[in-house]
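K.L.:
kindly return the folded structure for what I paste below:
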Amino acid sequence: MILWPQPDGTVIATPQPAHALIAGQLMRALAERPEPFEAVCTAAAQHDCGWMAVEADPPFDAATGLPVPFNGFSGADHVPMWEAGVRLALANWGLWAGLLVLRHGAHVYRIGMLADRMRPGAESIAAMQGYLAREPAWGAEIMARLGVTEEEVAPNSARLALVDAVALALCWGKERMDCGNALDPARPLAGTLARSGPFAATLDPWPFAAPSLALETETIVLPGRFDSAEALRAGIAAAPRRTLRFTLSAA
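P.N.:
Here you go, the predicted model:
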């Protein structure tokens, strides 16, 4: 889950697939229309499908009394989950969706080994390196079935990196965050998000067709910390649901 502590002591806990719905909304709004449009937008909206089982019963973090946050997972736990998500995407939404989810995993792990998106440790890094070693051959197989080239796939991967990062920054409550594919200088589709209010932010440069966007997803409001995994499970079941609504504008 993406955890965003609030001034009143509550915590907005957004399941990863719920944050992905905002990524899908952003993908549909890009000024440079992705192609194939529906397949790429579906990939954006469903790219965190591998998280669905975890978010249905999130693990308990005894140190915080909250669910383990999305960036508290080891690569050793995350990689099998993500690869299962690739298979789900391939089976349910098709080759383009599966390919982009697969490619996005490589982007996630490159960031995971350099920044704050994955629990550190030798086992964690080894798992991420293993994914990065397997991904090219798996991707080439799917690309061959689609009959597409790297030149056709790479721009859509960069778009997914951008919209995912923007959606994450919004749901994570970040005051400022560099978003997009900045790790790949050859495909630097990126922007800087700056929060202008609790539920409003600007993005610069602005890649969308409209001058501002209204974005929303449903999330969970937790009252605070819990004493045990059982209490957390009961607390999530009883917690109020909230529709998060964000306004994103050009800087």
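
K.L.:
phi, psi for residue 101 please.
P.N.:
Backbone torsions for residue 101, taken as degrees, to the nearest 10, come to phi -70, psi -40.

K.L.:
try residue 7
P.N.:
Note on residue 7: backbone dihedrals following degrees, to the nearest 10 are phi -60, psi -30.

K.L.:
pLDDT value on it, please?
P.N.:
Per-residue confidence (pLDDT) for residue 7: 95.

K.L.:
kindly report the same for residue 112.
P.N.:
pLDDT, residue 112: 74.

K.L.:
gap between the residue lying closest to it once chain neighbours are set aside and residue 235?
P.N.:
Of all residues not flanking residue 112 in the chain, residue 118 sits nearest, at 3.4 Å (CB to CB, 6 or more residues apart in numbering). Quick note: C-beta positions are derived from backbone N, CA and C, even for glycine. Going from residue 118 to residue 235 by CB to CB, to the nearest Å gives 26 Å.

K.L.:
again with residue 78
P.N.:
24 Å.

K.L.:
on that earlier part again, for the residue nearest to residue 112, the count of nearby residues, please.
P.N.:
25 (other CB atoms under 10 Å).

K.L.:
what does the pLDDT read for it?
P.N.:
Turning to residue 118, the model gives it a pLDDT of 82.

K.L.:
do the same with the one 3 residues further on
P.N.:
The score at residue 121 is 89. That number is its pLDDT.

K.L.:
quick check: bridge partners of the closest residue in space to it that isn't next to it in sequence?
P.N.:
Counting by CB to CB, 6+ apart, residue 121 lies nearest to residue 74, which is 6.4 Å off, once chain neighbours are set aside. Under DSSP bridges, the beta-bridge partners of residue 74 are residue 119.

K.L.:
could you pull out the buried residues of the longest helix seen in the chain?
P.N.:
Longest helix in the chain by number of residues (criterion: DSSP state H): helix 122-146. For helix 122-146, burial by neighbour count (16 or more other CB atoms under 10 Å) applies to 124, 125, 127, 128, 131, 135, 138, 139, 142, 143, 146.

K.L.:
cheers, nothing more for now.
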